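In: sequence first, then the predicted structure:
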Amino acid sequence: MKNKPELHRILIGYGGMLFGFLLIFSCSSEDENAIFPELGGITESVYASGQILAVDQYEAFTNASGAIQEIFVSEGDSVEIGTPILAVYSEREKLSRESAEIARNYADLKTNQSKLRDLQLTIDLAKSKMSNDSLLYERQRHLWKQNIGTEVQLEQKELAYENSKTAFENAEFRYEDLKKEIEFNEKNASKNLAISRVLESEFVLKSKIKGTLYALLMEKGEMVTPQVPLAVLGSTGGFLLELKVDEYDISKIKIDQPIIVSMDSYKGETFEAKVTKIYPIMDSDTKSFTIEAEFTKAPPRLYPNLTLEANIILEIQIKTLIIPRAYLINDQFVLNEAGDTIPVKVGIRNYQSAQILEGITSSTKIIKPGS
């Protein structure tokens, strides 16, 4: 029994030490989570990811199906509008073009001049006979007026003249019809040949722009279809940024807004750009909008399809009252050191900080919610 008071004093001592430790820890924890608003700078921005593209960059397709017969250029070569890039072989289109050439030659107006000459001779003979029958008819009429000859003779001469006149007119009509038919066939054959040549030319992939061939995506001998891209082309030296912006942020984006750009190719460096185009339709698969931008401060060397991350600057405040975003409750309230909820008016904000416009000052001590 003598040991009980001693044990009691020891427990009381430990209890006092424990209470002091808890008090110190509580005060320390409270001090760590209590701050004063500060004057500083804050930037509001929208995050976007994307890639570098050459100006006018596009993937080239052909309407043909078949094996690549020949490749005329190499990656990195300069190209002009219409420069052949590669040819796809098709025996069917080749035979169609040759058949159209034969039909065109057969229907050519010069080739059919002999038919027209034959008809022209027929016309000349019919005209000569008509003239002769006309003279005989007129002579017989004069004789008939002088009571020479018979009425039957007069009628025979008139009938002969009418028949030769009809033959002459029919020969002229046949000539005009044949000429129109030959001209029509020539034009039709020429059109068919032109169509056949266009179809065959589609088997030769040509550049649509003046620029650089950045990539050949297929090799000689490989089979291709109209759904397979064969090459990537774009302007030489000119580059733009293609960015993807979330649908929740697109309403904030405007033309000429500045952009801060970072790339894996230039780690630790940032570059500057500005918004130049906003595509007005959303990609339903990614729920994002496409934004184009151009560099105002560019890296020394760029390549198509380099990836990038960007922050589109919406607003910058140089000297304003700011607090950490974690000290806000629902972006509307803060807690003072007494634990009271104080309403505040918040300006721009980002993931780390928030601008305070009204409600507290730099001398208001606030604590972190939940501390």
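Out: Perfect, I can see it now. Numbers count the residues shown, from 1 in each chain.

In: can you point out the buried residues in stretch 171-183?
Out: Within stretch 171-183, the residues that count as buried by 16 or more other CB atoms under 10 Å are Ala171, Glu172, Tyr175, Ile182. Heads up, the C-betas are built off the backbone N, CA and C, glycines and all.

In: also stretch 58-68?
Out: For stretch 58-68, the neighbour count (16+ other CB under 10 Å) marks Tyr58, Ala60, Thr62, Ala64, Gly66, Ile68 as buried.

In: of those, which belong to strands?
Out: Among the buried residues of stretch 58-68, DSSP state E puts Tyr58, Ala60, Gly66, Ile68 in strands.

In: and the furthest pair within those?
Out: Tyr58 and Gly66 (22.1 Å; CB to CB).

In: what are the phi and psi values at the residue lying closest to Leu302 once chain neighbours are set aside?
Out: The shortest distance from Leu302 to any non-neighbouring residue, by CB to CB, 6 or more residues apart in numbering, is to Phe239 (4.8 Å). Main-chain dihedrals, Phe239, degrees, to the nearest 10: phi -130, psi 150.

In: tally of neighbours for Phe239?
Out: Burial of Phe239 is recorded as 19 neighbouring residues (other CB atoms under 10 Å).

In: now do the contacts for it.
Out: Phe239 makes contact with Ile52, Leu53, Ala54, Val55, Phe295, Ala298, Leu302, Pro304, according to CB atoms under 8 Å, 6 or more residues apart in numbering.

In: only the buried subset of the residues you listed, as a ChimeraX command please.
Out: Per 16+ other CB under 10 Å, the buried members of the contacts of Phe239 correspond to this ChimeraX selection:
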select :52,53,54,295,302,304
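
In: make JSON lines out of the contacts of Phe239 and add pLDDT and secondary structure.
Out: JSON lines is the format used below for the contacts of Phe239 (pLDDT from 0 to 100; DSSP: H, G, I helix; E, B strand; the rest coil):
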{"residue": "Ile52", "pLDDT": "95", "secondary structure": "strand"}
{"residue": "Leu53", "pLDDT": "95", "secondary structure": "strand"}
{"residue": "Ala54", "pLDDT": "94", "secondary structure": "strand"}
{"residue": "Val55", "pLDDT": "93", "secondary structure": "coil"}
{"residue": "Phe295", "pLDDT": "95", "secondary structure": "strand"}
{"residue": "Ala298", "pLDDT": "92", "secondary structure": "coil"}
{"residue": "Leu302", "pLDDT": "91", "secondary structure": "coil"}
{"residue": "Pro304", "pLDDT": "92", "secondary structure": "coil"}
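
In: please enumerate the strands of the stretch 101-250 of the chain.
Out: Assigned by DSSP state E, counting those that start in this stretch, the strands in the stretch 101-250 of the chain fall at 204-206, 211-216, 223-224, 231-234, 239-246.

In: for Asp264, which of the ones you listed is the nearest?
Out: Ranking these by proximity to Asp264 (CB to CB) places strand 239-246 first, at 14.5 Å.

In: return that closest one as PDB; C-alpha atoms alone will do.
Out: Only the C-alpha atoms of strand 239-246 are listed here, as PDB (Å, rounded to 0.1, in the frame of the first residue of the first chain):
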ATOM      1  CA  PHE A 239       4.900  25.600 -88.300                       C
ATOM      2  CA  LEU A 240       1.800  26.000 -86.200                       C
ATOM      3  CA  LEU A 241       0.500  24.500 -82.900                       C
ATOM      4  CA  GLU A 242      -2.600  22.300 -82.900                       C
ATOM      5  CA  LEU A 243      -4.100  22.200 -79.400                       C
ATOM      6  CA  LYS A 244      -6.900  20.300 -77.800                       C
ATOM      7  CA  VAL A 245      -9.000  22.200 -75.200                       C
ATOM      8  CA  ASP A 246     -11.700  20.700 -73.000                       C
END
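
In: what average pLDDT does it get?
Out: For strand 239-246, the mean per-residue pLDDT is 96.

In: partner strands of that strand, parallel or antiparallel?
Out: Partners of strand 239-246 in the sheet, by DSSP bridges, are strand 38-54 (antiparallel), strand 288-297 (antiparallel).

In: what residues sit buried inside it?
Out: Within strand 239-246, the residues that count as buried by 16+ other CB under 10 Å are Phe239, Leu240, Leu241, Glu242, Leu243, Lys244, Val245.
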